[in-house]
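Visitor: test case, fold it:
(one chain, ligands or ions: 2)
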Amino acid sequence: MERHIQIFLNKLSFVSIAIATVTLFFLFLQTPETCVDPTSSSTHPKPHHKFPKSTCEISHRSFTSLEKRNRRLWSTKTWSNTISSYSSIFLSLQTFNFLSNHSKTLVLSAGPGHAVMSLNQLGVADVTGVELIDSPPLVSRADPHNLPFFDNVFDLGFSAHLDLALFPNRYVREMERTVRVGGVCVVVVQECGDGEVKEIVKLFQKSKFVGAKNVTLIGAKMTRIIMKITSPS
Ligand SMILES: *[C@@H]1O[C@H](CO)[C@@H](O)[C@H](O)[C@H]1NC(C)=O
Ligand SMILES: *[C@@H]1O[C@H](CO)[C@@H](O)[C@H](O)[C@H]1NC(C)=O
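Guide: Ligands and ions are numbered 1, 2, ... in the order given. Now for the predicted structure:
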């Protein structure tokens with residue numbers, strides 16, 4: 001009687017193990033349903049598939065095609081003109097010692113990464129670019145209104161798109177929070193008069209005004225404003 005039960009239990013556990021193994025195997029083979037195949041979204045673009053991206057999509061992205069696309073983009077005339085236009089702005093920051101090769105630099109609303117590459121080419125090694133849509137390897141995905149960085153970690157914060165920010169107050173607050181005391185925030189906005197410069201300066205609650213200058217960026221008349229962080233976050 002007991003031997004019978006023993007044999008029965010042995011069979012039962014063997015069957016259970018077999019079922020579990022097969023189940024695990026199928027689970028392993030299946031792609032999670034939350035993953036969106038990027039190739040299918042290109043034929044039927046759906047807005048919610050474009051942003052936010054799932055983490056699985058990154059692993060699906062072919063590295064070689066990304067590299068190829070970047071090489072093509074970076075070799076265009078428009079790209080190199082834009083890089084050199086940014087360079088002239090950064091060179092003047094270097095001249096006045098607001099920027100050095102060792103500056104830990106944050107670029108907000110970095111787009112496809114012009115400013116990031118420009119800084120790298122000037123010799124600034126530690127540059128972080130963020131934008132709502134990432135452009136690897138130059139730009140990571142992050143909301144400038146809600147930066148995923150600790151307080152006081154950067155020496156320089158740069159943005160050429162403050163005037164496009166949805167919530168300028170919050171945008172500036174995040175910039176000031178992540179840049180250390182003694183560091184600088186540099187914003188380039190559409191060319192504006194002294195009154196408008198004052199309005200922009202007022203957004204900065206922890207910094208003092210250093211200077212404003214009319215500059216040209218990618219052929220457009222702009223005003224570059226420098227603020228120095230004076231009180232800690
Ligand atoms: C910064 O880096 C660039 C490129 O590596 C180099 O040419 C330049 O001399 C460096 N500047 C300083 C001040 O070290
Ligand atoms: C920039 O140009 C505007 C006129 O286009 C002028 O009102 C303003 O004073 C200039 N700003 C600076 C800092 O020179």
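
Visitor: grab the most central residue of the protein for me.
Guide: Nearest to the mean C-alpha position of the chain, counting by Cα atoms, centre = their mean, stands Val130 at 2.0 Å.

Visitor: which strand residues bridge it?
Guide: For Val130, the beta-bridge partners are Ser140 (DSSP bridges).

Visitor: how about Leu93, nearest residue that isn't a chain neighbour?
Guide: In space, and not counting its chain neighbours, Leu93 is closest to Leu99: 4.1 Å by Cβ to Cβ, 6 or more residues apart in numbering. For glycine as for every other residue, the C-beta is placed from the backbone atoms N, C-alpha and C.

Visitor: so which residues on the chain come close to ligand 2?
Guide: Glu191, Gly193, Asp194, Ala212, Lys213, Asn214, Thr223 (Cβ under 6 Å from any ligand atom).

Visitor: for the chain, which spans come out with low pLDDT?
Guide: Low-confidence segments of the chain (pLDDT under 70): 1-61.

Visitor: helices along that one, start to end?
Guide: Secondary structure of the chain (DSSP state H): helices at 2-29, 38-43, 47-50, 55-60, 63-74, 77-95, 114-122, 168-178, 194-203.

Visitor: how close does the residue nearest to Leu93 get to Gly157?
Guide: Separation of Leu99 from Gly157 (Cβ to Cβ, to the nearest Å) stands at 11 Å.

Visitor: check contacts around Val188.
Guide: Neighbouring residues of Val188 by Cβ atoms under 8 Å, 6 or more residues apart in numbering: Ile89, Ser159, Ala160, Val215, Leu217, Met222, Thr223, Arg224, Ile225.

Visitor: that one pairs with what?
Guide: Assigned bridge partners for Val188, using DSSP bridges, are Arg224.

Visitor: look up how far ligand 2 lies from it.
Guide: 12 Å (Cβ to the nearest ligand atom, to the nearest Å).

Visitor: next: His114.
Guide: 23 Å.

Visitor: shouldn't that residue be in contact with Ser80?
Guide: No - between His114 and Ser80 there is no contact under Cβ atoms under 8 Å: 9.9 Å.

Visitor: neighbour count winner among the two?
Guide: His114 (27 against 13; other Cβ atoms under 10 Å).

Visitor: burial count for the spatially closest residue to the more buried one that is not a sequence neighbour?
Guide: What sits nearest to His114 in space, not counting adjacent residues and going by Cβ to Cβ, 6+ apart, is Thr82, at 4.6 Å. A total of 20 residues lie near Thr82 under the criterion other Cβ under 10 Å.

Visitor: again, but for Met227
Guide: Neighbours around Met227, by other Cβ under 10 Å: 26.

Visitor: could you measure from Leu99 over to ligand 2?
Guide: 20 Å.
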